[in-house]
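just to be clear, the model below is a prediction. Sequence and coordinates:
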Amino acid sequence: MKIKVFVQRVGETKLIDLEENSRIGDLLKSLGISPSEIVPVKNGVIVTEREILRDGDEVKLLSVVSGG
Amino acid sequence: MVCEDCEKKGVYISLSGRSLCSKHFKKYFETKVLRTIRKYDLLRYGEKVLVACSGGKDSTVLLNFLWNLVKKRENVAAIAVDEGIMGYRDIKLSGLVKFCEERGILLQAYSFKEYYGFTLDEAVKISKENNLDLKPCYICGVLRRNLINNVARELGFSKVATGHNLDDEAQTIMMNYLRGNPSMLARLGPKTGVVNNRDFVQRIKPFYFCTEKEDTIYALLNGIEVDFVQCPYHIENYRLEIRDFLNRLESIIPGVKHGLVNNFLRILPLLKKEFSTSRIECCEVCGNPSAKNICRACMIRMRITPFLRG
């Protein structure tokens, strides 16, 4: 399945291929992002790393890091 | 994953594995902050607190939290310092001005240019051109703290609150450990600053035990904007390396940042005892409390000012 992901820290939108029933945690692993660095928002709603993804979902990974 | 308390959709999984919905996450966060305030005696009834705001989410969330907590609202005000970083702080502060106007919060706005006679950009340029070896974050940190302390004291605030969170503290502890700087470690903790010195306003960190992730979720749930505008001087910062290192470690060993901070707090009384012998002098130039005969803020001014043109 394909998931559209916006990674705020780098300001990029990517299309990621994942296995069916993958979770946000799996998506983070595939991108090499630590869960403590982001807040995942799926289709406009804040979710946890255990959230199951479906084909066509849109995910935003909001950076928790302050700008300095 | 549903909330363990009400079965609504979870927005956060705590370190112990509990899933919490937005309502129960807010309760969890607020309880944690209130416990920190009580346990470390950060703020007493009737005390006036000045919130040091950068325009970022952490300090804005803190301002919102204290504004809602303190019954006498004239006891809470915000201070914002524009250091003069082109294309950065001006953007961050515009949101803060709107935030304070909407709520009727008194915002004290200052700038390095007006207060010290030069912007941070100018100071950094002078330092580089003349090999003064003054790092941007050092200049910024020292001058910000000095300005905020002076304003807080002059306006009669007994505490300055900052939005520092568990991630910030874990990074600072690690940085000082690795640099072999125990006297700087002794200056950390939820409440800092010289006690029994009228010229020094104590600094408090109510979000001391909240992670940066928790701050962000709490901000989003309260409609506070979470942007990602990076300070241009951030790349010259050693903290960035430590932050990424700790986050990588946290994903392998969950709880490592909590462990680091909690263990540090156990040895903090010993560090304070060991390093409390340093005498507090008065700066010969400005009269502020200082460990040396000239404080660090005056030292920076004295080194930068001769190179200013016009």
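Perfect, I can see it now. Numbers count the residues shown, from 1 in each chain, chains lettered A, B, ... in the order given.

what parts of chain A come near chain B?
A:8-9, A:11, A:34-39, A:45-51, A:62-68 (CB under 8 Å from any CB of the partner chain). Every residue, glycine included, has its C-beta placed from N, CA and C.

show the buried residues in these.
A:8, A:34-39, A:46-49, A:51, A:62-68 (16 or more other CB atoms under 10 Å in any protein chain shown).

the residues you listed in helices, which ones?
Judged by DSSP state H, those include no members of helices.

what about these, which are in strands?
Here DSSP state E is the test, and those give A:38-39, A:46, A:62-63 as lying in strands.

could I get the full set of helices for the stretch 1-150 of chain B?
Taking DSSP state H, counting those that start in this stretch, the helices of the stretch 1-150 of chain B run over residues B:22-39, B:57-69, B:89-103, B:112-116, B:120-129, B:136-154.

and chain A, which of those helices is closest to it?
helix B:57-69 (5.9 Å; CB to the nearest CB).

and B:Pro254, how many neighbours?
Using other CB atoms under 10 Å in any protein chain shown, B:Pro254 is surrounded by 16 other residues.

hmm, it is touching B:Gly17, no?
No - contact criterion CB atoms under 8 Å: B:Pro254 and B:Gly17 do not qualify, at 9.3 Å.

list the residues that contact B:Trp140.
One correction, residue B:140 is Cys, not Trp. For B:Cys140, the contact set (CB atoms under 8 Å, 6 or more residues apart in numbering or on different chains) comprises B:83, B:120, B:233.

please give me every residue in contact with the second one.
This points to B:Leu120. Contacts of B:Leu120 by CB under 8 Å, 6+ apart are B:83-85, B:112, B:136, B:139-140, B:143, B:233.

also the last one?
Contacts for B:Tyr233 were tallied using CB under 8 Å, 6+ apart; they are A:68, B:85, B:120, B:124, B:136-137, B:140.

can you do 10 Å?
A:68, B:83, B:85, B:88, B:120-121, B:124, B:135-137, B:139-140 (CB atoms under 10 Å, 6 or more residues apart in numbering or on different chains).

now, among these, which is nearest to B:Phe307?
B:Val124 (11.8 Å; CB to CB).

you'd agree that closest one is up against B:Lys135?
Yes - in this structure, B:Val124 is within contact of B:Lys135 by CB atoms under 10 Å, at 8.6 Å.

longest strand of chain B?
Assigned via DSSP E, chain B shows its longest strand as strand B:76-82.

partners of it in the sheet?
strand B:49-53 (parallel), strand B:107-111 (parallel) (DSSP bridges).

which member of the contacts of B:Leu120 is positioned nearest B:Ile267?
Checking the contacts of B:Leu120 one by one against B:Ile267 (CB to CB), the nearest turns out to be B:Cys140, at 29.0 Å.

and the residue of the stretch 201-310 of chain B found nearest chain A, how many neighbours?
For the stretch 201-310 of chain B and chain A, the shortest gap (CB to the nearest CB) falls at B:Cys231, measuring 3.3 Å. By other CB under 10 Å, the residues close to B:Cys231 number 22.

may I have the phi/psi pair for it?
Phi and psi for B:Cys231, reported as degrees, to the nearest 10, are phi -60, psi 130.

select from the contacts of B:Leu120 the one having the most neighbours.
Going by other CB under 10 Å, B:Ile139 tops the contacts of B:Leu120 with 26 neighbours.

with adjacent residues omitted, what lies nearest to that residue?
Spatial nearest neighbour of B:Ile139, excluding adjacent residues (CB to CB, 6 or more residues apart in numbering or on different chains): B:Ala123 at 5.2 Å.

end to end on stretch B:102-115, go ahead and measure it.
Its first and final residues considered, stretch B:102-115 spans 27 Å by CA to CA, to the nearest Å.

return the set of buried residues in it.
B:105, B:107-108, B:110-112.

next one: stretch B:117-124
B:118-124.

what do you get for stretch B:208-216?
B:208-216.

could you dump these to CSV with secondary structure, distance to B:Glu241 and pLDDT?
CSV is the format used below for these (DSSP: H, G, I helix; E, B strand; the rest coil; distance: CB to CB, whole Å; pLDDT from 0 to 100):
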residue, secondary structure, distance to B:Glu241, pLDDT
B:Tyr208, coil, 23, 98
B:Phe209, coil, 24, 98
B:Cys210, coil, 23, 97
B:Thr211, coil, 19, 96
B:Glu212, helix, 16, 95
B:Lys213, helix, 20, 95
B:Glu214, helix, 23, 96
B:Asp215, helix, 22, 95
B:Thr216, helix, 21, 95
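
isn't A:Pro35 up against A:Ile24?
Yes - shown here, A:Pro35 and A:Ile24 form a contact pair, counting by CB under 10 Å, at 8.3 Å.

list residues touching both of these two?
A:48-49, A:61.

can you redo the residues you listed as CSV with distance to B:Asn288 and pLDDT?
Shown next, in CSV, are those (distance: CB to CB, whole Å; pLDDT from 0 to 100):
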residue, distance to B:Asn288, pLDDT
A:Thr48, 47, 95
A:Glu49, 47, 93
A:Leu61, 44, 96
